[in-house]
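Visitor: The sequence and its predicted three-dimensional model are supplied below.
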Amino acid sequence: MVARARVITRRQMLILVAALLGLLVLALRWNALQQPPPTTHDLFPYGELRVGIDASYPPFANTGPDGLYGLEVDLAVALAERLGIPVRFVNLGYDGLYDALRVDQVDVLISMLLIDPARRDDVLYTRPYFNAGLVLVSRADSGINSMDALPGRALAYEFGSPADAEARRWLRRVLPFETRPYELGRYALDAVRLEQADAALVDAITAQLYLNEHPDWDATLHYVTDTWYAAATRADRGPTWEAINQALEALAQDGTLDRIIDRWL
């Protein structure tokens, strides 16, 4: 009887193990099946792309008689068109942007946001859409294409700005070069254009606007630092973030993003 009881127990164990393995295989197969993607209503239950923006920073966003306009306004409109839904702007003060996102007043923030690692638990950032870092601007025939080429030459920049700090940092890394601080970044660019300095270190926005004002000046610019702007969604809205990020990637791939940037900068 003892031996028979042991055989039955073993059989029962084998049956139980086989059943568990079968359930495991079914579970794995079920998880491997492609689940239906979320609908537009699931991603944007209000039926529109609600964009939080601070419209007080031209040329990225500003207000006029006909409403909002600027680079980020055009970007939001293009994103909404790509997503197939209308866009609605919620004009906010910069300090209130993240609070509006947190309380579900908006779906996404597009407002010159820097990627902030301290907000990673609450926010998902998209791929960057613009680099506002420092650029080295020089005459096209100067041969200056990096900070390493500055020794023995004169560098213009805005006094007290991030460019000032970056220039001092480079003075500790390369052979000496002459520093020429100015009151404004555009004055530093004037110095280069008028051949009073060999190169200027300014932010990319200032440089692009200045070059647009002086289309006949044959100048080149090279990035020295990176300062990326990105859109942001709530961290608990992963599928919404993914849809917006994919739309932004598509705008970058087909050239729409570059055309929007060129329109304003």
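Guide: Done, it's in. Everything quoted here is computed from the prediction, not taken from an experiment.
Visitor: Please state the offset of the lengthiest strand in the chain from the chain centre?
Guide: Ranked by number of residues, the top strand in the chain under DSSP state E is strand 123-131. From the chain centre to the centre of strand 123-131 is a distance of 2 Å (C-alpha atoms, centre = their mean, to the nearest Å).
Visitor: same question, stretch 241-256
Guide: The answer for stretch 241-256 is 12 Å, by C-alpha atoms, centre = their mean.
Visitor: Begin at 289, not 1, for the rest of this chat.
Guide: I'll keep to 289 as the first residue from here, and by that count the last item is stretch 529-544.
Visitor: in it, what's buried?
Guide: Buried residues in stretch 529-544, counted by 16 or more other C-beta atoms under 10 Å: Trp529, Glu530, Ala531, Ile532, Asn533, Ala535, Leu536, Leu539, Thr544. Every C-beta, even on glycine, is put in place using the N, C-alpha and C of the backbone.
Visitor: how near is the fifth one to Ala519?
Guide: Yep, that's Asn533 we're talking about. 8 Å (C-beta to C-beta, to the nearest Å).
Visitor: Spit out the residues that contact the two alike.
Guide: Taking C-beta atoms under 8 Å, 6 or more residues apart in numbering as the criterion, Asn533 and Ala519 both touch Thr414.
Visitor: Run a quick neighbour tally on the closest residue to Tyr382 other than its chain neighbours.
Guide: Leaving out its chain neighbours, the residue that sits closest to Tyr382 by C-beta to C-beta, 6 or more residues apart in numbering is Asp342, at 4.4 Å. Asp342 sits with 20 neighbouring residues when counted by other C-beta atoms under 10 Å.
Visitor: Is it correct that Asp342 is in contact with Tyr386?
Guide: No - the criterion here is C-beta atoms under 8 Å, and Asp342 misses it with Tyr386 at 11.4 Å.
Visitor: Could you pull up the residues touching Pro347?
Guide: Pro347 makes contact with Gly358, Leu359, Ile493, Leu497, Trp552, Leu553 under the criterion C-beta under 8 Å, 6+ apart.
Visitor: Cool, thanks, signing off.
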